[in-house]
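Chemist: Compute the structure for the input listed below.
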Amino acid sequence: MNQESVYCGWLEDSKNDGMLLSPTDALILMARVHVAAFVLILLAMSVPLQHSFGSTRTLDFFLFPDGSTHVTYSLDSDPLLPDTEVSLYGDSLENLVAEDENGFLLSTQSEKNILQVETLGSSNILINYDTYSLISKDGKIWSFEIDSPVEFNVVMPENSVIVGMSTFPLI
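Modeler: Residues are numbered from 1 along each chain as shown. Below you'll find the model as predicted:
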C-alpha cells in the first residue's frame, strides 16, 4: 500500500505579484462604485419629494345643515423643511387657520387647492377651514362627494339619513 500526502491550497498567480487587485477585480470594483453612487443619488433626490407633502394623520369632515363643511386636517411635517404643501378639499375656503403642535399660528399661502404652510421647526400641523363646495343639493337630497387618497371621517348633522353610498366605509 502506497500512501501519498497531497497538499491542498491556493494556487498563487505569479502574474499579479505585488498587486493588490487584479485588473478584472479592479474593473468590477469600479462598476460597483458607480452603481452604488447612482443609487445614493436617487435616494437623496427622492427624500425631498416625499417630505414636500405632509403625511396625513387625521382628516375629518363635519357636515352642517346649511350646506357647509368644516374640514379638520392633521398632518406630520418635517421640522427641518421651511414649508409644507397640503392639498385642500373644496374650491372656496373660509376661516382658514393653520397651527403647529403648540397652537402657534403658521403663515400660509393658498393657490388653487394647494396650501403652502411655513412649518420650519414644526413637526405637526393642524389645519381648519370651512367650505361650501363639498355638498350639493338636489331637492331634499344633499350629496357629499369627496375623492381622497387617505382615510377620513365624516360627521353628519343630527337626524340625517344615508340614502345611498358609492363607496362603503371601512369598519
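
Chemist: Run through who's touching stretch 145-157.
Modeler: 56, 58-65, 89, 134, 136, 144, 162, 170 (Cβ atoms under 8 Å, 6 or more residues apart in numbering). (Each C-beta comes from the backbone N, C-alpha and C, glycine too.)

Chemist: which of those residues has the most neighbours?
Modeler: Highest neighbour count within these: Phe61, with 22 neighbours (other Cβ atoms under 10 Å).

Chemist: pretty sure Thr24 belongs to a strand, no?
Modeler: No. Thr24 is assigned helix when assessed by DSSP: H, G, I helix; E, B strand; the rest coil, not a strand.

Chemist: Do me a favour and average the pLDDT over the helix or strand hosting Leu27.
Modeler: Under the criterion of DSSP states H and E, Leu27 resides in helix 23-52. Average pLDDT, helix 23-52: 64.

Chemist: cool, and stretch 67-81?
Modeler: The model assigns stretch 67-81 a mean pLDDT of 91.

Chemist: again with stretch 158-167
Modeler: Across stretch 158-167, the per-residue pLDDT values average to 82.

Chemist: what secondary structure does Thr58 sit in?
Modeler: strand.

Chemist: For it, give its distance to Thr24.
Modeler: Going from Thr58 to Thr24 by Cβ to Cβ, to the nearest Å gives 57 Å.

Chemist: Kindly report the same for Ile41.
Modeler: 26 Å.

Chemist: Show me the domain layout of the chain.
Modeler: 22-52, 55-155 (automatic domain parsing).

Chemist: and the ones you listed, which is most packed in?
Modeler: Of all the domains of the chain, domain 55-155 has the most neighbours on average by mean count of other Cβ atoms under 10 Å, namely a mean of 15.

Chemist: Just to be sure, which of the contacts of stretch 145-157 are found in strands?
Modeler: Secondary structure from DSSP state E places 56, 58-63, 136, 144 of the contacts of stretch 145-157 in strands.

Chemist: Go through these and say which is closest to Val33.
Modeler: Comparing the ones in strands among the contacts of stretch 145-157 against Val33 with Cβ to Cβ places Thr56 closest, at 39.3 Å.

Chemist: Kindly check the end-to-end length of stretch 136-149 for me.
Modeler: Its start and end residues considered, stretch 136-149 measures 21 Å (Cα to Cα, to the nearest Å).

Chemist: mind checking how far it is from the chain centre?
Modeler: 27 Å (Cα atoms, centre = their mean, to the nearest Å).

Chemist: any idea of the mean pLDDT in that stretch?
Modeler: Mean pLDDT, stretch 136-149: 85.
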